[in-house]
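Enquirer: when you get a sec, could you give me coordinates for this:
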Amino acid sequence: MKINIKDFAPSWFASVMGTGALALVSKVYSSKLSILGSVARGLTYFNTALFFILLIPWVLRWLKYRKNAMDDLYHPLVCHFYGTIAIAMLVLSADYLLILGDSSIARIFWLMGMPLTIFFSFLIPYLMFIQERIDIKNVTPAWFIPPVGLIVIPLSGAPLMGTFQGFWKEFAVTVNYFAWGARFFLYLALFAIVMHRFIAHEPLPCGIAPAIWINLGPIGAGTSTLYMLIKNSEFITVKELFFGFGFIFWGFGVWWLAMAIIMTLHYLRRLNLPYSLSWWAFIFPLGAYVSATFNVGKILGLNIIINFGFALYWLLFALWIITGIKTVKHLIIAG
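Expert: Numbering: from 1, shown residues only. This next block holds a predicted model:
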């Protein structure tokens with residue numbers, strides 16, 4: 001079993017994002033089932049190893065097969081997955097902070113992932129802006145990843161704000177609010193483009209159909225990180241308005257979750273849903289939404305929402321296992 005370095009896809013780091021998200025929601029729902037706390041810790045250690053294993057072919061590809069890496073960077077669909085490596089670092093930062101309580105390692109991952117995420121949030125849209133024409137067929141929810149990846153910065157960045165002093169604390173506060181604000185308006189713009197593609201053109205190709213779920217990522221992570229920012233911002237004294245807005249934003253996710261399930265069933269029954277790395281698009285977005293569901297339910301004191309999230313947790317866990325097994329089988333066959 002081996003990974004082909006020459007054709008190593010940047011989307012591999014979506015597996016780190018998804019596993020990290022599962023670890024985070026396992027931790028929060030350990031309040032309902034204590035063993036999930038151990039699951040969260042185990043997943044964090046596994047995810048760390050997975051990240052560094054994948055980092056080797058990612059770096060070697062740039063060193064040995066630079067042309068192939070550059071071709072992907074200029075590809076109107078594949079390029080958007082380059083942002084996953086940076087977001088994976090931010091998710092690992094949140095895992096270490098919120099699960100293991102290790103602020104030192106969390107800060108290291110955040111300080112590496114934060115500037116890289118910002119870099120890709122400019123680079124990928126820039127490459128799209130300077131192209132003469134992009135076929136509408138290449139527009140998918142994957143376009144959310146680089147710019148909307150900014151939303152993950154406050155996930156651990158917000159609670160880390162209090163660990164900095166002086167200039168660095170001011171810098172952390174500024175970066176976290178810049179990231180949330182920039183991603184919110186970028187999300188609105190990109191969402192309109194993606195909806196136009198869904199409504200006015202043919203369905204997504206079967207191989208990338210799981211990308212439909214990606215929209216749950218900015219909704220779920222956007223809600224959770226908004227709550228993180230508000231709770232950790234001393235200068236905001238009236239917090240209820242922001243909590244209410246997060247509730248509304250989360251509510252839109254209920255509609256999209258149902259639509260994603262309906263569309264997935266449509267592909268399974270009438271078209272086809274072959275395995276590809278795009279299956280990891282099931283995991284992180286749903287994990288982010290499950291986390292948001294818990295946060296909304298806890299802050300507003302609504303047990304019905306917390307229980308709804310716990311039911312979704314088991315769907316997430318099942319999808320992670322299925323996708324993981326299929327990924328390993330794919331590697332064995334390819335190797």
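Enquirer: for this protein, which helix is longest?
Expert: Selection of the longest helix in the chain by residue count, based on DSSP state H, yields helix 166-200.
Enquirer: which residues of the chain score low on pLDDT?
Expert: Applying pLDDT under 70 to the chain flags residues 1-3, 335.
Enquirer: apply 80 and report the result again.
Expert: Counting by pLDDT under 80, the ranges of the chain that qualify are 1-3, 132, 334-335.
Enquirer: now residue 114: closest residue in space, sequence neighbours ignored.
Expert: Distance criterion CB to CB, 6 or more residues apart in numbering; nearest residue to residue 114, sequence neighbours excluded, is residue 153 at 5.4 Å. All C-beta atoms are positioned from the backbone trio N, CA, C, and that covers glycine.
Enquirer: the one you found contacts residue 112, doesn't it?
Expert: No - using CB atoms under 8 Å, residue 153 is not in contact with residue 112; the gap is 12.0 Å.
Enquirer: what helix or strand does the residue most central in space within the chain sit in?
Expert: When CA atoms, centre = their mean is applied to the chain, the residue found nearest the centroid is residue 284 (4.9 Å). Secondary structure from DSSP states H and E places residue 284 in helix 283-300.
Enquirer: give the next helix or strand downstream of that helix.
Expert: Next helix or strand after helix 283-300 toward the C-terminus (DSSP H and E): helix 303-334.
Enquirer: find the nearest non-adjacent residue to residue 230, please.
Expert: residue 242 (4.6 Å).
Enquirer: check residue 225 too.
Expert: Spatial nearest neighbour of residue 225, excluding adjacent residues (CB to CB, 6+ apart): residue 154 at 4.1 Å.
Enquirer: next one: the helix or strand in which the residue nearest to residue 114 is found to chain centre, how far?
Expert: Residue 153 belongs to helix 153-160 when elements are defined using DSSP H and E. Offset of helix 153-160 from its chain centre (CA atoms, centre = their mean, to the nearest Å): 14 Å.
Enquirer: what do you get for stretch 69-78?
Expert: Chain-centre distance of stretch 69-78: 20 Å, with CA atoms, centre = their mean.
Enquirer: what packs against the helix or strand following the longest helix of the chain?
Expert: Next helix or strand after helix 166-200 toward the C-terminus (DSSP H and E): helix 216-231. Using 3 or more CB pairs under 8 Å, 6 or more residues apart in numbering; DSSP states H and E, the elements in contact with helix 216-231 are helix 153-160, helix 166-200, helix 240-270, helix 283-300.
Enquirer: let's see it at 10 Å
Expert: Contacts defined by 3 or more CB pairs under 10 Å, 6 or more residues apart in numbering; DSSP states H and E place helix 216-231 against helix 14-28, helix 84-98, helix 145-148, helix 153-160, helix 166-200, helix 240-270, helix 283-300.
Enquirer: that helix vs helix 166-200, what angle?
Expert: Using axes from the mean of the first three to the mean of the last three CA atoms, to 10 degrees, the direction of helix 216-231 lies 150 degrees away from that of helix 166-200.
Enquirer: list the buried residues for helix 216-231?
Expert: Using 16 or more other CB atoms under 10 Å as the burial criterion, the residues of helix 216-231 that qualify are 216-230.
Enquirer: repeat for stretch 208-218
Expert: So stretch 208-218, judged by 16+ other CB under 10 Å, has buried residues 208, 209, 210, 211, 212, 213, 214, 215, 216, 217, 218.
Enquirer: need the max-distance pair from the residues you listed.
Expert: Using CB to CB, the buried residues of stretch 208-218 span at most 18.9 Å, a distance reached by 209 and 218.
Enquirer: tally of neighbours for residue 268?
Expert: 11 (other CB atoms under 10 Å).
Enquirer: wait, which of the buried residues of stretch 208-218 is closest to residue 118?
Expert: Distances from residue 118 to these, taken by CB to CB, are shortest for residue 218, at 16.2 Å.
Enquirer: in contact with that closest one, which residues?
Expert: 141, 144-145, 147-152, 183-184, 186-188, 190-191, 249, 253, 285, 288-289 (CB atoms under 10 Å, 6 or more residues apart in numbering).
Enquirer: no further queries at this time; thank you.
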